[in-house]
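K.L.:
mind folding the following:
(chains A and B)
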Amino acid sequence: MASKPKLHYTKGRGKMESIRWLLAAAGVEFEEEFIETKEDLEKLRNDGVLLFQQVPMVEMDGMKMVQTRAILSYIAAKYNLYGKDLKERAWIDMYVEGTTDLMGMIMYLPFQPADTKEKNLALIIERATTRYFPVYEKALKDHGHDYLVGNKLSWADIHLLEAILMTEECKPDILSAFPKLQAFKGRMSNIPTIKKFLQPGSQRKPPTDEKFIAVVKKIFNI
Amino acid sequence: MSEKPKLHYFNGRGRMESIRWLLASAGVEFEECYLETKDDMIKLQKGGSLLFQQVPMVEMDGMKMVQTRAILSYIAAKYNLYGKDLKERALIDMYVEALIDLNELLMAHALQPADKKEQHLATLVDKATNRYFPVYEKVLKDHGQEFLVGNQFSKADVQLLETLLTAEECKPDILAKFPLLQSFKARISSIPTINKFLQPGSQRKPPLQEKDLPKVMKIFY
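P.N.:
Numbering: from 1, shown residues only, chains lettered A, B, ... in the order given. Have a look, this model is predicted:
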């Protein structure tokens, strides 16, 4: 019997959250081992289980996988969330890289100097509403399908939902000019595996607060 | 007859260089359209060719592809440089992602202000020789094969060679403690398509000089 994937990370979103989303959406149960202190991270490093001394690390299918994108691509391909051919795969990759850039800006916000926070937040809103969301709105409008690529649920859709929800935490009405994305959000949120992940008590992590940032900085020496 | 891929970027390495390397290694001829001024960039953006208003952009197989990793993955899969199954692909991805991290650090070196250069070099050498190179040296040692993954030439080998050469530009003896990486470098460099790319006159770009930086910044900012 195959064992469940085991995720090694802090008890926060960071780079692991997209992996939690993808596994959950694919209906894959997973375990988590949380790094709570610097010593926990040192132990992982000394045990030789982190290829480049970094997390995320996911134990899965006999591998100790590192590098977020490598892990996500593997899961997407394994659970048929990566399109049906090379071209669909390319489109999924392009869309995912866009939402990765957007979510990356939000993820790093708490680590920027306090006096740049307001400016960076404004930039996130601007990029979301003028660079990224219009692309996905147009894609859905042009083909009229429920999903971004190939008329079928893929990693790109799951990643976009995650990005939408994360951006709404920055500005609740951020989708006001994007009717297709609003409908997309409603539709995606009702998919049973995703609906379950959005319930309280799931393995989804809350937004990172200042107290947790201090813990993270200590663990990773930043 | 299918057209050659067309690369849109400025006339320098940046994020396009890994794509040039991969196409060249696969023996694929390509054309380049250089952005020289901000107006060139605005023209591309206004023309609707850039999905997220950014370059690199590669016109290929009827698509206007953006996002470096998406482009590299497509080329690798198309030309059989991505392993034979999901697990080999995962290994290739892991190796390549780390090399991209190191490569970004290396590329930033030439652009450091004079008073930060020494510190940056120290950080770079530390990361390269303690975190990254030992991994690839060990991989080659453990399986004793010529290529990193699956005993077959892949995107990972191309990316490793590119990164090794860039590292040597920062510090010529940086491979001193890595005999297998040295022989890997020689071996992969002698693959005909790669050998050709390493000759003067190829489409490989030189490192960015500090004097060229203002021109590049003007295009994008």
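K.L.:
tell me where chain A has strands.
P.N.:
Ranges of strands in chain A, per DSSP state E, are A:6-9, A:31-34, A:57-60, A:63-66.
K.L.:
pairing partners for the first one, with directions?
P.N.:
Note on strand A:6-9: by DSSP bridges, its sheet partners are strand A:31-34 (parallel), strand A:57-60 (antiparallel).
K.L.:
what about residue B:83, neighbour count?
P.N.:
The tally of other residues near residue B:83 (other CB atoms under 10 Å in any protein chain shown) stands at 22. For glycine as for every other residue, the C-beta is placed from the backbone atoms N, C-alpha and C.
K.L.:
likewise residue A:79?
P.N.:
Other residues lying near residue A:79 total 15 when counted by other CB under 10 Å.
K.L.:
most tightly surrounded among the strands paired with strand A:6-9?
P.N.:
strand A:57-60 (a mean of 22; mean count of other CB atoms under 10 Å in any protein chain shown).
K.L.:
for that strand, what is the distance to the chain centroid?
P.N.:
For strand A:57-60, the gap between its own C-alpha mean and the chain's C-alpha mean amounts to 16 Å (CA atoms, centre = their mean, to the nearest Å).
K.L.:
what residues are up against residue 26?
P.N.:
All of this is about chain A. Neighbour list for residue A:26: A:75, A:79, A:81, A:193 [criterion: CB atoms under 8 Å, 6 or more residues apart in numbering or on different chains].
K.L.:
let's do chain B instead
P.N.:
Taking CB under 8 Å, 6+ apart, we find residue B:26 in contact with B:75, B:79, B:81, B:193.
K.L.:
that older thread, closest to residue B:33 out of the contacts of residue A:26?
P.N.:
Closest approach to residue B:33 among these (CB to CB): residue A:81, at 34.3 Å.
K.L.:
the closest one contacts residue A:158, doesn't it?
P.N.:
Yes - between residue A:81 and residue A:158 there is a contact at 7.2 Å, judged by CB atoms under 8 Å.
K.L.:
out of the two, which sits in the busier spot?
P.N.:
With neighbours defined as other CB under 10 Å, residue A:81 and residue A:158 compare such that residue A:158 has more, 27 against 21.
K.L.:
tell me the pLDDT at that one?
P.N.:
On pLDDT, residue A:158 comes in at 98.
K.L.:
for the longest helix along chain A, what is the average pLDDT?
P.N.:
Scanning chain A for the longest helix, with DSSP state H as the assignment, gives helix A:86-108. Summarised as a single mean, pLDDT over helix A:86-108 is 97.
K.L.:
and that helix, what does it pack against?
P.N.:
Helix A:86-108 is packed against helix A:68-78, helix A:117-127, helix A:133-143, helix A:155-170, strand B:63-66, helix B:68-78, with contacts defined by 3 or more CB pairs under 8 Å, 6 or more residues apart in numbering or on different chains; DSSP states H and E.
K.L.:
ok, residues contacting the shortest one?
P.N.:
With CB under 8 Å, 6+ apart as the contact definition, strand B:63-66 has outside contacts at A:87, A:90, A:94, A:97, B:49-52, B:54-59, B:71, B:74.
K.L.:
those residues, buried ones only, as a PyMOL selection?
P.N.:
What follows is the PyMOL syntax for the buried subset of the contacts of strand B:63-66, where burial is set by 16 or more other CB atoms under 10 Å in any protein chain shown:
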select buried, (chain A and resi 87+90+94+97) or (chain B and resi 50+51+52+54+55+56+57+58+59+71+74)
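K.L.:
out of the contacts of strand B:63-66, the closest to residue A:172 would be?
P.N.:
Taking CB to CB as the measure, residue A:172 lies nearest residue B:52 of the contacts of strand B:63-66, at 24.1 Å.
K.L.:
didn't that closest one look like it was pressed against residue A:136?
P.N.:
No - shown here, residue B:52 and residue A:136 do not form a contact pair, counting by CB under 8 Å, at 10.7 Å.
K.L.:
and the gap between the closest residue to residue B:171 other than its chain neighbours and chain A?
P.N.:
Residue nearest to residue B:171 in three dimensions, not counting chain neighbours: residue B:125, with 5.9 Å by CB to CB, 6 or more residues apart in numbering or on different chains. When CB to the nearest CB, to the nearest Å is the yardstick, residue B:125 and chain A sit 16 Å from each other.
K.L.:
residues contacting the residue lying closest to residue B:67 once chain neighbours are set aside?
P.N.:
For residue B:67, ignoring the flanking residues on the chain, the nearest one in space by CB to CB, 6+ apart is residue A:97 at 3.7 Å. In this structure, residue A:97 makes contact with B:66-70, judged by CB under 8 Å, 6+ apart.
K.L.:
part of a helix, is residue B:96?
P.N.:
Yes - counting by DSSP: H, G, I helix; E, B strand; the rest coil, residue B:96 falls inside a helix.
K.L.:
chain neighbours aside, what residue packs nearest to it?
P.N.:
Distance criterion CB to CB, 6+ apart; nearest residue to residue B:96, sequence neighbours excluded, is residue B:159 at 4.9 Å.
K.L.:
show the contacting residues for the residue nearest to residue A:164 when sequence neighbours are not counted.
P.N.:
Once flanking residues are discounted, residue A:164 sits nearest to residue A:185: 5.4 Å by CB to CB, 6+ apart. By CB under 8 Å, 6+ apart, the residues touching residue A:185 are A:161, A:164-165, A:175.
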